[in-house]
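In: Show me the folded form of this:
(4 chains)
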There are 4 protein chains.
Amino acid sequence: MTVNGIEHKILDHGYVKLIETWGSDYRIIEAARMSTQKGFEGWGDNTPCNYDMAAAQTGKPCKRGMHNCGVDHKVGDERLLRYLWEHNHATPFEMAGMVIEVQAPIFVFREWHRHRTQSYNEMSARYAPLPDLNYYPTVERLMMGGGHLTKQAGTAAGAQTLTEQAASDFVASLHGNYVAAQILYEESLKDGVPKELARLCLPVGRYSRMRASANLRNWLAFLTLRMAKEAQWEIRQYANSVAEIVQQYFPRTYELFAEAR
Amino acid sequence: MTVNGIEHKILDHGYVKLIETWGSDYRIIEAARMSTQKGFEGWGDNTPCNYDMAAAQTGKPCKRGMHNCGVDHKVGDERLLRYLWEHNHATPFEMAGMVIEVQAPIFVFREWHRHRTQSYNEMSARYAPLPDLNYYPTVERLMMGGGHLTKQAGTAAGAQTLTEQAASDFVASLHGNYVAAQILYEESLKDGVPKELARLCLPVGRYSRMRASANLRNWLAFLTLRMAKEAQWEIRQYANSVAEIVQQYFPRTYELFAEAR
Amino acid sequence: MTVNGIEHKILDHGYVKLIETWGSDYRIIEAARMSTQKGFEGWGDNTPCNYDMAAAQTGKPCKRGMHNCGVDHKVGDERLLRYLWEHNHATPFEMAGMVIEVQAPIFVFREWHRHRTQSYNEMSARYAPLPDLNYYPTVERLMMGGGHLTKQAGTAAGAQTLTEQAASDFVASLHGNYVAAQILYEESLKDGVPKELARLCLPVGRYSRMRASANLRNWLAFLTLRMAKEAQWEIRQYANSVAEIVQQYFPRTYELFAEAR
Amino acid sequence: MTVNGIEHKILDHGYVKLIETWGSDYRIIEAARMSTQKGFEGWGDNTPCNYDMAAAQTGKPCKRGMHNCGVDHKVGDERLLRYLWEHNHATPFEMAGMVIEVQAPIFVFREWHRHRTQSYNEMSARYAPLPDLNYYPTVERLMMGGGHLTKQAGTAAGAQTLTEQAASDFVASLHGNYVAAQILYEESLKDGVPKELARLCLPVGRYSRMRASANLRNWLAFLTLRMAKEAQWEIRQYANSVAEIVQQYFPRTYELFAEAR
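Out: Numbers count the residues shown, from 1 in each chain, chains lettered A, B, ... in the order given. Below you'll find the model as predicted:
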């Protein structure tokens, strides 16, 4: 399926945009059924059942197709999808996937690129000057701190407690830093410094852009790590948008993923 | 793009069938242009040119967009596609791909599965009895021998020269072997031998079936190895059909691939 | 460390043999400490402590270094190793690994080769006739059945309950099948049938041999899937031997792996 | 083999250091011979031969073991090694490998990490403040420009020709930029800005450090791309040092690699 999705706006200048998906919940079933020489048989119906109502009351997710509720509703292939998911039969989830375009600060890309099963094509400062887009965290964001479960990710040893004033001052100083870097960058490019060296002064808060492609299994692995509360808040915002796209195009798989988190 | 392709018939019972492609020649350009912050600009026109005519006479492929022929025709992104290809800028070719379904003898799958960048879902003799489909090479095929460039792949040391009669006798004996194996298989399944052990007697000439998914870069790597004359004749027939599908959906990339072979 | 290990005998003719390991529990720590710019600091001492004694009584594993037992013993880097393991910080475990040699039936290799992160070099029937080694399950093994958790892996639909007599008959028939296949194989090789086609009659119970290399992270993923009770009994025997080697060379990591199973 | 190699100094503050190798030229042969069920047979002797002398005169590399020179010298497994190399039988080269430690500027790591078959453990600015080490290109380096074959990698459109004075001025300005970034970094850390955000101002010329592991096949692929004249000069210096280590531990394989460049 070829689509050019809307941009999901993220941070001050970032975005995630769907370029294309392939496969579907249905294709996953079809691939898994290779093992038993059968094909896709159909999803179950949506008849409400006693179990559903009980589930709604307890707040537990409904495992339609895996219960015995007394209502004679059709049980469909969501049962197999769940089985695959819960028993880590992961290869059928490699039969679907998606390509997205992402604009994010370099420090976010540095984390992102550790996912070595994705394919990347990124803007290159060797080939074209980078646009003057930089990430400014809000004071609110700064006050959230970085110590989500991982003590090490927090403030430096011996640091003061961050005040709103200090946070605000940091953003102002960062602005000065960004502006100065851009001036030096532009000047040196004009003077004939090769693009690949003029970039040395650019901060990791500078935005870059890329296309990223992966199969669904690997996108879910990405989400598991990057939606986790230990992940840095910035990359989590990107992961949340990726998750929305996954949910839109692979709703049954996403439901299982979300339930397991 | 979601399609369910026609079956390309291969050998006596085999096939390759397209399930789905994603991306396109156009998407490859678009991804590559991330590096310079530009997008797809359009393919060139088809105006014949002096170079083309010269090329047609010499039998050399036309490198439209990379020459200076005096005709004022539009030069398009085929020039970039060629540049990427010839300079091994391989990652843009990971932004497209395809899923196929394959029916082939086990010994062919044994070679195929060495391509570790593909994703596989195969029929399993643990979960369902394998259908009684076996590969019979023709006498003509047998007489072709196996020593294509690689001496080791030929006949055993001290063997006689294969005669048509001996080849024909081999096929007859193979038939006996296949029938006997099937009888033992069915009998033992009926007697309650677990499926995962009843299969021990099945020969590697037995057909199996799978879905295989890979990106275009990896499909082309597969074709490079498996269309080569050193590859076993049987897997080459499959590779040839995969190549036809690649050619149909990624014609400009395939042209570059074919030109380089 | 270069070693040529002893052969771990498996099934009737199979083996697993260590060729070489690299890295160590210590190297894993050292790699993980890159993130905080520190190195390996040392393992803790072995002083018994109150916690250990309590642990011994309850049968729960001792989490040395993660408790407060009142004894003043040195707490070492086993604490970090556990943290990495329990929080899925998997990349440090890629800094160690091992190469092994394996002799196993083809149907076992067919399952093994689905682990696409390993590197393989296998005996090839295209290049040299395969030795006449075949796998005979014992009657005891046959009576175990195949239905370990996965109903589908059991006996075929409508099958009788396997008796010891029928199991014994199956082994005898399998012997006939193996012998007949070998005769046909040898005859056709002599007659000049190319090796790559003479092999068509060989059963998947035939032994082959390979070298396999992977990093420790991927060996542990292999063990997770192949030591599981859902895995076929035969490949589990191989996995158990691989586990013994892992335990010998990476004892602290293996302890964490075993504890989590 | 466990070694802790000497540091190869690179740029102003960088290094490459061998941590450990595994496998060897010999192991590669041994793995390749799995296919024909033979082992390592020995390297040839070093008897000079007519061919060698002719080769020395013509400047062409000697293909010992693949010629007929009239001298009766022992022909060894270098012949097979060459065959594997020249026919792209790549998997035996996956049976060896090495782990190194690297200190390099972030923009070099950004290029390095595109090699997705390597394993990485890098210093993290989330967990510990980065040391104040920054890359200063020399005037000489700046005057080399960036346009090695790839026009796009050169100076920006409309730029002046770089003078030595302008290059020298750039280094001075870069120093100012580095110092200012470090002051802001330290101040904000003291003020309690979380480490993961204080880093926003750090330039991509800042040094980081990592361990990298890959098998020999993939190290050679890295060298092919990063020793090429199209690669940025800085990463080429690192690749050259990696090549020296490969040459030291895998001399026969390296010789074939170097000959093919």
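In: Just give the number of residues close to the nearest residue in space to A:Ala260 that is not next to it in sequence.
Out: Nearest in space to A:Ala260, with sequence neighbours left out and distances taken as C-beta to C-beta, 6 or more residues apart in numbering or on different chains, is A:Trp85 at 7.4 Å. The C-beta positions use only the backbone N, C-alpha and C, and glycine is treated the same way. Per other C-beta atoms under 10 Å in any protein chain shown, the neighbour tally for A:Trp85 reads 21.
In: just checking, A:Trp85 touches A:Glu255?
Out: No. Under the criterion of C-beta atoms under 8 Å, A:Trp85 makes no contact with A:Glu255, lying 9.6 Å away.
In: What is the neighbour count of the residue lying closest to A:Asn134 once chain neighbours are set aside?
Out: Once flanking residues are discounted, A:Asn134 sits nearest to A:Tyr178: 4.4 Å by C-beta to C-beta, 6+ apart. By other C-beta under 10 Å, 21 other residues sit near A:Tyr178.
In: Tell me if A:Tyr178 really is in a strand.
Out: No. A:Tyr178 is assigned helix when assessed by DSSP: H, G, I helix; E, B strand; the rest coil, not a strand.
In: Surely it touches A:Pro105?
Out: No. Using C-beta under 8 Å, A:Tyr178 is not in contact with A:Pro105; the gap is 11.2 Å.
In: which residues do those two both contact?
Out: A:Asn134, A:Gly205, A:Arg206 (C-beta atoms under 8 Å, 6 or more residues apart in numbering or on different chains).
In: Now the second one: closest residue in space that isn't a chain neighbour?
Out: Using C-beta to C-beta, 6+ apart and skipping residues adjacent in sequence, the residue nearest A:Gly205 is D:Leu200, 3.6 Å away.
In: thought that neighbour was touching A:Pro137?
Out: Yes. Counting by C-beta under 8 Å, D:Leu200 does reach A:Pro137; the two are 7.3 Å apart.
In: Who has more neighbours out of those two?
Out: Of the pair D:Leu200 and A:Pro137, D:Leu200 is the one with more neighbours under other C-beta under 10 Å, namely 29 against 24.
In: Break down the stretch 51-200 of chain A into its strands, ranges please.
Out: Secondary structure of the stretch 51-200 of chain A, counting by DSSP state E, counting those that start in this stretch: strands at A:97-105, A:119-122.
In: ok and the residue in the stretch 101-250 of chain A nearest chain B?
Out: Closest residue of the stretch 101-250 of chain A to chain B, C-beta to the nearest C-beta: A:Ser119 (3.6 Å).
In: Name the surrounding residues that touch the helix or strand where A:Ala221 lies.
Out: Using DSSP states H and E, A:Ala221 sits within helix A:216-226. Outside of helix A:216-226, the residues within contact range by C-beta under 8 Å, 6+ apart are A:23, A:28, A:90-91, A:93-98, A:111-112, A:115, A:117-118, A:214, A:231, A:235-236, A:238-239, A:242-243, A:246, A:250, A:253, A:257, A:261, C:88.
In: who does whichever strand or helix holds A:Ala258 touch, helix- and strand-wise?
Out: Assigned by DSSP H and E, A:Ala258 belongs to helix A:251-260. Where contact means 3 or more C-beta pairs under 8 Å, 6 or more residues apart in numbering or on different chains; DSSP states H and E, helix A:251-260 is packed against helix A:25-32, helix A:78-86, helix A:216-226, helix A:233-249.
In: most tightly surrounded among those helices?
Out: Highest mean neighbour count among those (mean count of other C-beta atoms under 10 Å in any protein chain shown): helix A:25-32, with a mean of 24.
In: Relative to the whole chain's centre, how far out is that one?
Out: Here helix A:25-32 is found 23 Å from its chain centre; the criterion is C-alpha atoms, centre = their mean, to the nearest Å.
In: any weak-confidence spans in the stretch 101-250 of chain A?
Out: Along the stretch 101-250 of chain A, the model assigns pLDDT under 70 to residues A:147-153.
In: For the closest residue to A:Arg199 other than its chain neighbours, grab phi and psi.
Out: Among residues not flanking A:Arg199 along the chain, A:Ala125 sits closest, at 4.1 Å (C-beta to C-beta, 6+ apart). When read as degrees, to the nearest 10, the backbone of A:Ala125 gives phi -70, psi -10.
In: Span of stretch A:91-99 from start to end?
Out: End-to-end span of stretch A:91-99 (C-alpha to C-alpha, to the nearest Å): 19 Å.
In: Contacts only, for the residue nearest to A:Ala260.
Out: With C-beta under 8 Å, 6+ apart, A:Trp85 has these contacts: A:Thr253, A:Leu256, A:Phe257, A:Ala260.
In: Could you show which parts of chain A are in contact with chain B?
Out: A:1-2, A:19-23, A:27, A:30-32, A:34-37, A:91-92, A:94-95, A:97, A:99, A:101, A:119-124, A:127-128, A:131, A:209-211, A:213, A:215 (C-beta under 8 Å from any C-beta of the partner chain).
In: are any of those residues buried, and which?
Out: A:2, A:19-23, A:27, A:30-32, A:34-35, A:91-92, A:94-95, A:97, A:99, A:101, A:119-124, A:127-128, A:209-211, A:213, A:215 (16 or more other C-beta atoms under 10 Å in any protein chain shown).
In: near chain C too, which of the residues you listed?
Out: Checking these against chain C (C-beta under 8 Å from any C-beta), the matches are A:Thr91.
In: returning to that earlier point: next, the angle from the helix holding A:Ala221 to helix A:78-86.
Out: For helix A:216-226 against helix A:78-86, the angle by axes from the mean of the first three to the mean of the last three C-alpha atoms, to 10 degrees is 60 degrees.
In: what's the burial count for A:His89?
Out: 14.
In: actually A:Gly39, not the one I typed
Out: When neighbours are defined as other C-beta under 10 Å, A:Gly39 has 11 of them.
In: Go ahead and confirm it touches A:Arg27.
Out: No. Look at A:Gly39 against A:Arg27 with C-beta under 8 Å: they stay out of range, at 10.8 Å.
In: Please give me every residue in contact with A:Val242.
Out: So A:Val242 contacts A:Val16, A:Ile100, A:Trp219, A:Phe222, A:Leu223 (C-beta under 8 Å, 6+ apart).
In: Okay, the third one and chain D: tell me how far apart.
Out: A:Trp219 sits at a distance of 16 Å from chain D (criterion: C-beta to the nearest C-beta, to the nearest Å).
In: what do you get for the fourth one?
Out: The gap separating A:Phe222 from chain D is 14 Å, by C-beta to the nearest C-beta.
In: how close does the residue lying closest to A:Gly76 once chain neighbours are set aside get to chain D?
Out: Nearest-residue entry for A:Gly76: A:Gly44, 3.2 Å, with adjacent residues in sequence omitted and distances by C-beta to C-beta, 6+ apart. Distance of A:Gly44 to chain D, computed by C-beta to the nearest C-beta: 40 Å.
In: So A:Gly44: helix, strand or coil?
Out: coil.
In: related to what we said a few turns ago, run the chain-centre distance for the helix holding A:Ala221.
Out: When C-alpha coordinates are averaged (C-alpha atoms, centre = their mean), helix A:216-226 and its chain have centres 8 Å apart.
In: again with stretch A:164-175
Out: Its chain's C-alpha centre and that of stretch A:164-175 lie 28 Å apart, by C-alpha atoms, centre = their mean.
In: Do a quick rundown of the helices in the stretch 51-200 of chain A.
Out: Remark: helices assigned in the stretch 51-200 of chain A by DSSP state H, counting those that start in this stretch are A:78-86, A:106-112, A:139-144, A:164-190, A:195-198.
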